[in-house]
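1. Requesting a structural model of the entry that follows:
(one chain, ligands or ions: 1)
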Amino acid sequence: MSGSLRLDRLLANLGYGSRREVRGLVLDGAVTLDGEPLADPEARLPLAPDLPARMQVDDAPLDPLPGTLALALHKPVGAVCSHKEGGRLVYELLPGRWRRRDPAISTVGRLDRDTSGLLLMTDDGALLHRVISPKAHVPKVYRARLARPLRGDEAGLFASGTLMLEGETKPLHPAELEALAPQDARLTIREGRYHQVRRMFAALGNHVEALHRERVGGLALPDDLAPGAWRLLNPAELAAIFAGPS
Ligand code: URA
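-> The predicted structure is shown next:
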């Protein structure tokens, strides 16, 4: 994000309150830059990348600037990515004011209610499209626990580029299966069709009992993120998404 924005508008866009409420915060001296209170809610601020580190609201660093927020969430089983599925929304796992941000935070693709693991979320539309665009072929790596033992022909069929999912007219792109145990597999796919992994195994007469996303591109779910926990991604982690494995 570049350019400049009025202080009251910036704070309102970051969800700190209505224009009137954030003006109150400024007039109360709760907003500081380099340790000095900012007095004028209408002052224009250059949106430099170091602004969040230099600015504080109520003694806490400013949230990421509009259009620059990207995070990794360890999505727990039971949380949902869309209002259409019943359940607790993944957005409820983030700080409350982030739900009032403009631009809004979106999930980068979706995971089913019963799937756990790495879910990226961002308010950066260009980043979102770079990850989910079918042309980007960003690999997504899943671990699946199966109801029945692998037959032995799954890896070949998934890799063939000819497997057709029920109700579809275009075959799946090749995907890689690594058998880890008779009922445990790692699967790498480069598209994001509806319930794709579950439907791939269903197409071969099996059933996915538990599904977990371990990785998106070269970014693995951080080990220190417990289910339900999240953290902001730094530029190196964002770059890792596009840096393989491919
Ligand atoms: N495939 C599925 O079946 N479910 C997910 O959540 C992701 C991929």
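2. Centre of the chain to the helix or strand harbouring R199, how far?
-> For R199, the element it lies in under DSSP states H and E is helix 196-203. How far helix 196-203 lies from its chain's middle: 23 Å, per C-alpha atoms, centre = their mean, to the nearest Å.
3. tell me which strands and helices that helix is in contact with?
-> Helices and strands touching helix 196-203, by 3 or more C-beta pairs under 8 Å, 6 or more residues apart in numbering; DSSP states H and E, are strand 140-146, strand 184-189, strand 208-216. The way it works is simple: take the backbone N, C-alpha and C, and place the C-beta from them, glycine included.
4. The longest one: partners in the sheet, and parallel or antiparallel?
-> If I follow you right, that is strand 208-216. If you go by DSSP bridges, strand 208-216 pairs up with strand 115-122 (parallel), strand 140-146 (antiparallel), strand 219-220 (antiparallel).
5. Please identify the most buried of these.
-> Scoring those by mean neighbour count under mean count of other C-beta atoms under 10 Å gives strand 115-122 as the most buried, with a mean of 23.
6. Would that strand count as contacting the ligand?
-> Yes. Contact of strand 115-122 with the ligand (C-beta under 6 Å from any ligand atom) involves T115.
7. C-terminal to that strand, what's the next element?
-> Using DSSP H and E, the next helix or strand after strand 115-122 towards the C-terminus is helix 125-132.
8. Helix or strand: which one has A179?
-> Per DSSP H and E: strand 176-181 holds A179.
9. who touches that strand?
-> Residues external to strand 176-181 that are found in contact with it (C-beta atoms under 8 Å, 6 or more residues apart in numbering): 143, 150, 154-155, 158-159, 185-188.
10. buried ones in it?
-> L177 (16 or more other C-beta atoms under 10 Å).
11. Check stretch 60-73 too.
-> Buried-residue list, stretch 60-73, by 16+ other C-beta under 10 Å: 62-73.
12. Stretch 144-153 too?
-> Of all the residues in stretch 144-153, those buried under the rule 16+ other C-beta under 10 Å are 144, 146, 150.
13. was I right about the second one contacting G205?
-> Pointing back at L146 there. No. L146 is beyond contact range of G205, at 10.6 Å (criterion: C-beta atoms under 8 Å).
14. Can you list the neighbours in contact with the helix holding R199?
-> Contacts to helix 196-203, defined as C-beta under 8 Å, 6+ apart, come from residues 112, 142, 144, 146, 154, 158, 163-166, 172, 175, 187, 189, 193, 207-208, 211.
15. So which of those reach the ligand?
-> Of the residues in the contacts of helix 196-203, proximity to the ligand by C-beta under 6 Å from any ligand atom holds for 112, 211.
16. Derive a ChimeraX selection command for the buried subset of the contacts of helix 196-203.
-> Buried members of these, defined by 16+ other C-beta under 10 Å, are picked up in ChimeraX with:
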select :112,142,144,146,154,158,163,165,172,175,187,189,208,211
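17. Contact residues of this protein facing the ligand?
-> Neighbours of the ligand within the chain, by C-beta under 6 Å from any ligand atom: 111-112, 115, 195-198, 211.
18. Pick the one among those residues closest to L7.
-> L111 (37.2 Å; C-beta to C-beta).
19. if we can go back for a sec, please convert the helices and strands packed on helix 196-203 to CSV, extending it with mean pLDDT and distance to D223.
-> Shown next, in CSV, are those (pLDDT from 0 to 100; distance: least, C-beta to C-beta, whole Å):
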stretch, mean pLDDT, distance to D223
strand 140-146, 98, 14
strand 184-189, 98, 17
strand 208-216, 98, 11
